[in-house]
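> Build me a model from this:
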Amino acid sequence: MSQAISREPAEIQETLEERAYELRAAEGATWTGTRLAIGIAIFAFASLAFAYFYLRSGNNLDLWEVSGRAHSAPTAYGAAVMAFMLAAVALTVLAVRRLKAGRLIEWQTAGWASVLSGLLALGLQIFELTNLPFYPGRDGYASCFIGWATMNIVAIIGAVYWQETLVARFAVLKRLFAAEGTTFDSPLPAARLFRANADGCAAFMIFMAVAEVFFWVLFYVI
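Reported below is the predicted structural model:
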């Protein structure tokens, strides 16, 4: 009478090379994903820029600005939104540099300051929509401006949320790293992936700075 022999499956062990490859793949995926997000945002804002120049150059029936520049969007609000957003971008880039240098307190301070500046820009952009001297469908300028303000609000929310989650996750990882006696400039996988994520956030914020300046010139200057 044969007896069934039970065998437990052997535990699979990853080699150091496999772990290093997986870590590099995760870093590459983070880099690619963040740049794809920037690419999507570029296409979205490019469509708005195309609509702006197409309607302005055509000016069919003189409907680009029926009331003239005197009834365009308030310049003071636009300048304030741009200024606070540029400050948020500068603080984000500074925070990432401090993180790479191992100055964790400065990174955390600059990170929270960036979140605050971004929230101020968001609040001013929303408040501006309640104080416009025109209704949304008045003319081509008004329609493009409402599209820009809406897209800007969505982009700022995404950027501020990204930065806030980074700073909040930093507080958690900092305690874990301190318990293990390591720091954020270590080659540990969690630290490397965090730095890659922070780099992606800084790249997106730099794109936001370019978009803010470009569309501020379009809607408030020329």
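> list the helices and strands the helix or strand harbouring residue 118 packs on?
Under the criterion of DSSP states H and E, residue 118 resides in helix 104-129. Packing partners of helix 104-129 (3 or more C-beta pairs under 8 Å, 6 or more residues apart in numbering; DSSP states H and E): helix 75-100, helix 140-180. Every C-beta, even on glycine, is put in place using the N, C-alpha and C of the backbone.
> Packed most tightly, which of these would that be?
Mean neighbours per residue, mean count of other C-beta atoms under 10 Å, is largest over the helices and strands packed on helix 104-129 for helix 75-100, with a mean of 20.
> Please determine how far the residue nearest in space to the middle of the chain is located from residue 110.
By C-alpha atoms, centre = their mean, the mean C-alpha position of the chain lies nearest to residue 159, the distance being 2.9 Å. Counting by C-beta to C-beta, to the nearest Å, the separation of residue 159 from residue 110 is 15 Å.
> again, but for residue 141
Distance, residue 141 to residue 110, using C-beta to C-beta: 37 Å.
> tell me the SS of residue 13?
coil (DSSP: H, G, I helix; E, B strand; the rest coil).
> and it, how many neighbours does it have?
When counting by other C-beta atoms under 10 Å, one arrives at 6 neighbours for residue 13.
> please renumber so the chain begins at 336
Got it, first residue is 336 now, which makes that one residue 348.
> hmm, back to that, and the helix holding residue 453, how far from the chain's centre?
12 Å (C-alpha atoms, centre = their mean, to the nearest Å).
> same thing with stretch 418-433?
Chain-centre distance of stretch 418-433: 11 Å, with C-alpha atoms, centre = their mean.
> can you pull the contacts of residue 529?
Residues in contact with residue 529, defined by C-beta atoms under 8 Å, 6 or more residues apart in numbering, are 501, 504-505, 508, 519.
> any idea how far residue 480 lies from residue 380?
Distance from residue 480 to residue 380, by C-beta to C-beta: 14 Å.
> oh sorry, the question was meant for residue 360
Residue 360 sits 31 Å away from residue 380, taking C-beta to C-beta as the criterion.
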